[in-house]
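Student: here you go, sequence then predicted model.
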Amino acid sequence: MKPVELIKLPIKQEMELFEKKFREAMLSKVPLLNRITYYIIRRKGKQMRPMFVFLIAKMVSDGNFDERTYRGASIIELIHTATLVHDDVVDDSNRRRGFFSINALWKNKIAVLVGDYLLSKGLLLSIDNDDFDLLKLISIAVREMSEGELLQIEKARKLDITEEVYFDIIRQKTATLISACCGIGAASVGAKNDVVQQMRKFGEYIGIAFQIKDDLFDYSDEKIGKPTGIDIKEQKMTLPLIYTLNNCSKKEKAWLINSVKKHNKDKKRVKQVINFVKKNGGIEYTTTKMNSYKNKAITILQEYPDSPYKKSLLQMIDYVVERKV
């Protein structure tokens with residue numbers, strides 16, 4: 001059994017019912033919209049975000065469940081899908097998970113409107129049911145994701161990202177949404193505020209570890225979904241490179257910056273940068289940092305009694321740092 005299927009086992013029925021409820025949440029009176037949302041649903045990913053919502057909800061409430069939990073997971077997926085559709089327009093990307101993106105098939109104008117529609121559906125689903133606490137958690141996440149993207153764009157122009165700024169960016173860009181999933185999972189079953197905040201912190205740690213693992217793929221020799229060196233080609237300053245820049249001579253630093261700024265499309269030069277980062281401890285340092293966040297997440301879970309849901313969350317942590325794609 002695949003790791004993700006194994007993690008899903010304690011919430012298998014809930015996930016199946018969620019898919020039905022999520023489809024209903026996307027329905028519109030406009031046939032074109034329904035065709036596009038059907039296309040989106042058919043090409044869904046691993047659905048890790050609703051899995052976090054359900055596993056956290058069950059763990060903090062001794063296996064109890066609430067209709068609000070389904071709505072919380074739907075809100076997350078609607079708003080997350082909206083951001084992905086908009087991202088593909090911003091990045092002028094024609095592919096998403098190996099399939100054509102919405103903007104590639106239906107052009108940018110329709111893609112932006114579909115993203116707006118999904119965003120409004122997520123907002124209305126929470127407002128219509130007075131789930132204002134859940135709406136607040138996801139709204140904070142959307143604000144931080146936007147700020148993180150803009151911070152990265154601003155800093156990428158100068159290539160002056162420090163380690164502190166790097167962690168600010170990935171906390172906002174990636175970790176904040178997983179943090180919202182975990183907070184919403186706890187809030188949806190009526191957990192106290194300190195538990196909700198603790199689960200948000202748990203999600204943040206996993207989200208940071210997840211993004212660091214993604215950044216390590218750029219230096220991997222294994223065949224994965226993401227091409228090696230793509231971050232360097234796109235002038236993204238990730239932790240392996242930041243560490244290496246801060247721990248080499250002035251001459252080497254100048255060569256690295258020049259390579260990323262002016263020779264980032266040169267395959268041979270990109271390979272030289274990758275090898276230099278590997279040789280100078282960038283990968284070891286980054287892996288140590290990733291494992292530090294993994295251990296912080298595990299420490300939070302240790303406060304909870306053993307259950308199938310806790311076990312799945314521990315498996316999820318392992319999956320995040322050991323996945324091959």
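Tutor: Thanks, I have the structure now. Numbers count the residues shown, from 1 in each chain.

Student: so where's the chain uncertain?
Tutor: Judged by pLDDT under 70, the chain has its weakly predicted residues at 44, 86, 90-99, 105, 221-229, 324-325.

Student: pull the contacting residues for the residue nearest the centre of it.
Tutor: Relative to the mean C-alpha position of the chain, the nearest C-alpha, by C-alpha atoms, centre = their mean, is the one of Thr174, at 4.3 Å. With C-beta atoms under 8 Å, 6 or more residues apart in numbering as the criterion, the residues that contact Thr174 are 148, 207-208, 210-211, 214. (C-beta placed from N, C-alpha, C; glycine too.)

Student: pipe these into JSON lines and attach secondary structure and distance to Val320 per row.
Tutor: As requested, the contacts of Thr174 are exported to JSON lines (DSSP: H, G, I helix; E, B strand; the rest coil; distance: C-beta to C-beta, whole Å):
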{"residue": "Gly148", "secondary structure": "helix", "distance to Val320": "19"}
{"residue": "Gly207", "secondary structure": "helix", "distance to Val320": "9"}
{"residue": "Ile208", "secondary structure": "helix", "distance to Val320": "10"}
{"residue": "Phe210", "secondary structure": "helix", "distance to Val320": "5"}
{"residue": "Gln211", "secondary structure": "helix", "distance to Val320": "10"}
{"residue": "Asp214", "secondary structure": "helix", "distance to Val320": "10"}
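
Student: most neighbours among the residues you listed, which one?
Tutor: Counting neighbours by other C-beta atoms under 10 Å, the top entry in the contacts of Thr174 is Gly207, with 27 neighbours.

Student: how close does the nearest residue to it once chain neighbours are set aside sit to Phe167?
Tutor: Closest residue to Gly207 in three dimensions, ignoring its sequence neighbours and counting by C-beta to C-beta, 6 or more residues apart in numbering: Ala175, at 2.8 Å. To Phe167, Ala175 is 9 Å away according to C-beta to C-beta, to the nearest Å.

Student: mutual contacts of those two, please.
Tutor: Ile208.

Student: which of the two has more neighbours?
Tutor: Neighbour count, other C-beta under 10 Å: between Ala175 and Phe167, Ala175 has more, with 26 against 18.

Student: just checking, the more buried one touches Ile212?
Tutor: No. Counting by C-beta atoms under 8 Å, Ala175 sits too far from Ile212 to count as a contact (10.1 Å).

Student: and Asp218, how many residues sit next to it?
Tutor: Other residues close to Asp218 by other C-beta under 10 Å number 23.

Student: so how far is Ile274 from it?
Tutor: With distances taken as C-beta to C-beta, Asp218 is found 8 Å from Ile274.

Student: repeat for Asp214
Tutor: When distances are taken as C-beta to C-beta, Asp214 and Ile274 turn out to be 16 Å apart.

Student: is Val60 in contact with Ser188, as I believe?
Tutor: No. The pair Val60 and Ser188 fails to qualify as a contact (C-beta under 8 Å) at a distance of 9.8 Å.

Student: the two: who's more crowded?
Tutor: Ser188 (29 against 24).

Student: for the more buried one, give me its contacts.
Tutor: Shown here is Ser188, whose contacts under the criterion C-beta under 8 Å, 6+ apart are 53, 57, 66, 68-69, 71-72, 134.

Student: and for Ile56?
Tutor: Taking C-beta under 8 Å, 6+ apart, we find Ile56 in contact with 181-182, 185-186, 199, 202-203, 309, 313.

Student: which non-adjacent residue is nearest it?
Tutor: Excluding the flanking residues, the one nearest Ile56 by C-beta to C-beta, 6+ apart is Gly185, at 3.2 Å.

Student: try Trp106
Tutor: In this structure, Trp106 finds its nearest non-sequential neighbour in Ile36, 6.4 Å apart by C-beta to C-beta, 6+ apart.

Student: for the one you found, phi and psi?
Tutor: When quoted as degrees, to the nearest 10, the phi and psi of Ile36 stand at phi -70, psi -40.

Student: picking that back up, how about JSON lines for the contacts of Thr174, with distance to Ala254 added?
Tutor: Formatted as JSON lines, the entries for these read as follows, by distance: C-beta to C-beta, whole Å:
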{"residue": "Gly148", "distance to Ala254": "29"}
{"residue": "Gly207", "distance to Ala254": "34"}
{"residue": "Ile208", "distance to Ala254": "30"}
{"residue": "Phe210", "distance to Ala254": "33"}
{"residue": "Gln211", "distance to Ala254": "28"}
{"residue": "Asp214", "distance to Ala254": "28"}
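
Student: wouldn't Phe167 be in contact with Ala209 here?
Tutor: No. Under the criterion of C-beta under 8 Å, Phe167 makes no contact with Ala209, lying 11.7 Å away.

Student: hey, where'd the helices end up in the stretch 101-250 of the chain?
Tutor: Residue ranges of the helices in the stretch 101-250 of the chain, as given by DSSP state H, counting those that start in this stretch, are 102-128, 132-158, 163-170, 176-188, 193-216, 230-233, 239-246, 250-262.

Student: which of the ones you listed is buried the deepest?
Tutor: Per-stretch averages of neighbours, counted by mean count of other C-beta atoms under 10 Å, single out helix 176-188 among those, with a mean of 29.
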